[in-house]
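# Model the following, please.
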Amino acid sequence: MVLFRRSLGEVLRHKRMELGMTLREVSAEARVSLGYISEIERGQKEASSELLASLCAALEVPLSSVLRDASVAVAHEEALAATTSLEVARPVADREVVASAA
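Numbering: from 1, shown residues only. Model (predicted):
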């Protein structure tokens, strides 16, 4: 199952690391607890729109950009999951001959 919160957290972590910011710096700038930001980045907590806006402001990145990047990541994961499940779930047709090693 693809979880948007996990993809969103990965995008936020990537943006933070690109800027060379620590969790402590983002926490102080966004006025959000360090532990809560960490849980969001790990995909363990859902972030409200207000909290996301604060994080994006602290990272100086548009909210729309973060949401777009997370959406693209989710679409990629969905495509991979669909491809994998189709290959695994492929039924064997009654007419197919299965060779025996014996």
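# what's the spacing between the biggest helix by length in the chain and its chain's center?
Criterion DSSP state H: the longest helix present in the chain is helix 63-88. Mean-position distance between helix 63-88 and its chain equals 9 Å (C-alpha atoms, centre = their mean, to the nearest Å).
# Give me the buried positions along the lowest-mean-pLDDT helix or strand in the chain.
Least confident element among the helices and strands of the chain, by mean pLDDT, DSSP states H and E: helix 63-88 (a mean of 85). Within helix 63-88, the residues that qualify as buried are 66, 67, 69, 70, 73, 74, 77, counting by 16 or more other C-beta atoms under 10 Å. Glycine gets a C-beta too; all of them are placed from N, C-alpha and C.
# Including distance to residue 37, could these go into a markdown table?
Output for those, formatted as a markdown table (distance: C-beta to C-beta, whole Å):
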| residue | distance to residue 37 |
| --- | --- |
| 66 | 14 |
| 67 | 17 |
| 69 | 17 |
| 70 | 16 |
| 73 | 19 |
| 74 | 21 |
| 77 | 23 |
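# Just name the closest of those to residue 59, please.
Of all the buried residues of helix 63-88, residue 59 sits closest to residue 66, with 8.1 Å by C-beta to C-beta.
# who touches the closest one in this structure?
Counting by C-beta atoms under 8 Å, 6 or more residues apart in numbering, residue 66 touches 8, 11, 12, 15, 52, 56.
# Relative to residue 10, how far out is the residue nearest to residue 19 when sequence neighbours are not counted?
Once flanking residues are discounted, residue 19 sits nearest to residue 59: 6.3 Å by C-beta to C-beta, 6 or more residues apart in numbering. In this view, residue 59 and residue 10 are 14 Å apart by C-beta to C-beta, to the nearest Å.
# Those two: which has the busier surroundings?
Neighbour count, other C-beta atoms under 10 Å: between residue 59 and residue 10, residue 59 has more, with 20 against 16.
# Understood, closing this out.
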